[in-house]
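A.B. asks: Build me a structure from this.
(chains A and B)
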Amino acid sequence: MADDKKLPTRAEDFSAWYNELVLKSELADYSPVRGCMVIRPNGYGIWERMQRQLDDMFKETGHQNAYFPVFIPESFLRKEAEHVEGFAPEMAVVTHGGGKELEEPLVVRPTSETIIYSMFAKWVQSYRDLPLLINQWANVVRWEMRTRLFLRTLEFLWQEGHTAHATEAEAEMETRKMLGVYRDFMEGWMAMPVITGRKSESERFAGALRTYSCEAMMQDNKALQAGTSHNLGQNFSKAFDLTFQSEGGTLEHAWNTSWGVSTRMIGGLVMTHSDDKGLVVPPLLAPIEVVIVPIYRSDEQRAQVLEAADRIKENLRAWERRRESRLRVHIDSRDGLKPGAKYYEWELRGVPIRMEIGPRDLEANQAVLVRRDNGVKQVYSLDTIGEQIQEILSSMQEELLIAARDRREKNSIRGKITYDKFKEVMEGDGAFVYAGWCEAAACEAQIKEETKATIRCLPDEEFRSAEVPQTCLLCGEKATVEALWAKSY
RNA sequence: CGGGGCGUAGCGUAGCCCGGUAUCGCGCUUGCUUUGGGAGCAAGAGGUCGCAGGUUCAAAUCCUGCCGCCCCGACCA
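C.D. replies: Modelled structure (predicted):
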């Protein structure tokens, strides 16, 4: 009976563990349409906090929100040859409307470059109109063959930024800047460390000049591409006649960038921090930070404890106003459930701090606080509990990042590695392997074919090994770059 | 689209080989007792056994066809 309620352990089968956790913790559910996902309030609460934070960061970097249509004329996608080739296999196409067959099929947006740059072309005449910095929060559709909750679904929620600039250098700077914003968010808020770098040619976004990504390591040592930023060059501005008159009076094509992150990050969050008891949500993204579980025997005690819980919640509210910090406190006053049952439930949901208060605590003017990530349980005076909570939350936030980074480094291989050893590692537990690459597509393809590992990115300088491998992992020729190899989602 | 597995109450399942009017657990309802790590007892409600044919006195069970879902690959955020 108790066994029904337990999750499979991560070690047994990471995939099954992840799936069950997402369903059991009520983050999401399967929809009637195969491959689509329903995000439930528990999951959406995390998304809302992510969205709010990212939106603030975008505003700080000068971007404005807008909204573009879900339908894109098929001809728009065809205007950029590589783009349509890349997305054609996964497009959902509407052929009928109002009971009649449409003259031109409408594609349900898989991404919005085409429709957005067609509008940019209308809005931009002069270099004075640039840069144009737009973001949209939207859902997109990509008809994937195989889907996984949060990680790959037919329809997903995301944010896509689209910008136009007067010079190539400025566009490149923007591309890098937004990659940095993503990194700050993932490390600072999600406590999920990432490796940033440029994608190889084969992994580049269809239609982009260069693609950069943030790569995180999950607890099964697989990589998750958590966000991408593309320098689109003039590919789309040429396709859509996005031109402007320069300061010198010449007519020029603008330089574009696009960048996006999606609800996939929720999957990354789960696979980075959660344990066999359930979710672990970093405090900065937790929809509620503190849950109060009242403990009582008699009705009289119940009334007393609940009344005290209300008072504590009120005090914390006053405290948070003074401190200009946020604390969302929930009192679990459900009757008929023993406290232990409530503990298990809130642990499953990943609430960072549980506060237990019972008659004994009230008498002593104290409460018990339990930290979700390490289970540490300690008694605190009610007089200073606001400070204590804040302290626990901030050290939990920090320690989650440190733990994740330590785990990643422990499972990384830098420096010399033979191809045989590489194959052995990829067949076994997997790892992030930093290895030399000659930049030949053939080597990349063969390694992928033989090991299922792919180049996640060519890491930025700060992530590169001190000892740069001099030869290509596969062919042994002189290596021109260092590549990060891993199996991925 | 290949390979594997599964469809029985809201959820998880037994029964199928060897046909005889559907098992158990969780959850739900009501009542009493409980409540510092997953409560106990009692009484209840809830099912055209994925769908359609066929065989049979009789089908969850046997036969044929179909549908759906999950997992593993190919594709990808």
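A.B. asks: Let me know the next secondary structure element after the helix-or-strand element of chain A with minimal mean pLDDT.
C.D. replies: In chain A, no helix or strand scores lower on mean pLDDT, DSSP states H and E than helix A:2-5, which sits at a mean of 45. Following helix A:2-5 in sequence order, the next helix or strand is helix A:14-24 (DSSP states H and E).
A.B. asks: What's the mean pLDDT across the helix or strand that that next one is followed by?
C.D. replies: Sequence order places strand A:28-30 as the next helix or strand after helix A:14-24, per DSSP H and E. The average pLDDT within strand A:28-30 is 90.
A.B. asks: Check what contacts strand A:28-30 and list those residues.
C.D. replies: The contact list for strand A:28-30, computed with Cβ atoms under 8 Å, 6 or more residues apart in numbering, reads A:22-23, A:37-40, A:43, A:149-150. Placement of C-beta: from N, CA and C, glycine included.
A.B. asks: Then stretch A:64-79?
C.D. replies: A:55, A:58, A:83-84, A:87-88, A:91, A:93-94, A:104-109, A:112, A:114-116, A:118-119, A:133-139, A:239-240.
A.B. asks: So how do I select the buried members of these in PyMOL?
C.D. replies: Typed into PyMOL, the line below selects the buried ones among those, using 16 or more other Cβ atoms under 10 Å:
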select buried, chain A and resi 58+83+84+87+91+106+107+108+109+112+114+115+116+118+119+133+134+135+136+138+239+240
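A.B. asks: List only buried entries from the contacts of strand A:28-30.
C.D. replies: Among the contacts of strand A:28-30, those classed as buried by 16+ other Cβ under 10 Å are A:22, A:37, A:39, A:43, A:149-150.
A.B. asks: just checking, which of those belong to helices?
C.D. replies: Among the buried ones among the contacts of strand A:28-30, the residues falling in helices (DSSP state H) are A:22, A:43.
A.B. asks: check the buried ones among the contacts of strand A:28-30 against RNA strand B, which are close?
C.D. replies: Contacts with RNA strand B are made by none of the buried ones among the contacts of strand A:28-30, judged by Cβ under 7 Å from any atom of the strand.
A.B. asks: JSON lines please, covering the buried ones among the contacts of strand A:28-30 and showing pLDDT.
C.D. replies: Formatted as JSON lines, these follow (pLDDT from 0 to 100):
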{"residue": "A:Val22", "pLDDT": "93"}
{"residue": "A:Met37", "pLDDT": "91"}
{"residue": "A:Ile39", "pLDDT": "93"}
{"residue": "A:Gly43", "pLDDT": "95"}
{"residue": "A:Leu149", "pLDDT": "93"}
{"residue": "A:Phe150", "pLDDT": "95"}
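A.B. asks: Show the end-to-end separation of stretch A:59-73, please.
C.D. replies: Length of stretch A:59-73, first residue to last, Cα to Cα, to the nearest Å: 30 Å.
A.B. asks: can you check stretch A:357-372 too?
C.D. replies: Terminal residues of stretch A:357-372 are spaced 17 Å apart (Cα to Cα).
A.B. asks: how far out from the middle of the chain is that stretch?
C.D. replies: Relative to the centre of its chain, stretch A:357-372 is centred 36 Å away, using Cα atoms, centre = their mean, to the nearest Å.
A.B. asks: cool, stretch A:459-469 as well?
C.D. replies: Put simply, stretch A:459-469 sits 24 Å off its chain's centre (Cα atoms, centre = their mean).
A.B. asks: Give me the buried stretch members for it, please.
C.D. replies: Neighbour-count burial for stretch A:459-469 [16+ other Cβ under 10 Å]: A:459-460, A:463-465, A:469.
A.B. asks: Restricted to helices, list the contacts of stretch A:64-79.
C.D. replies: Reading helices off the contacts of stretch A:64-79 with DSSP H, I get A:55, A:58, A:83-84, A:87, A:114-116, A:118-119, A:239.
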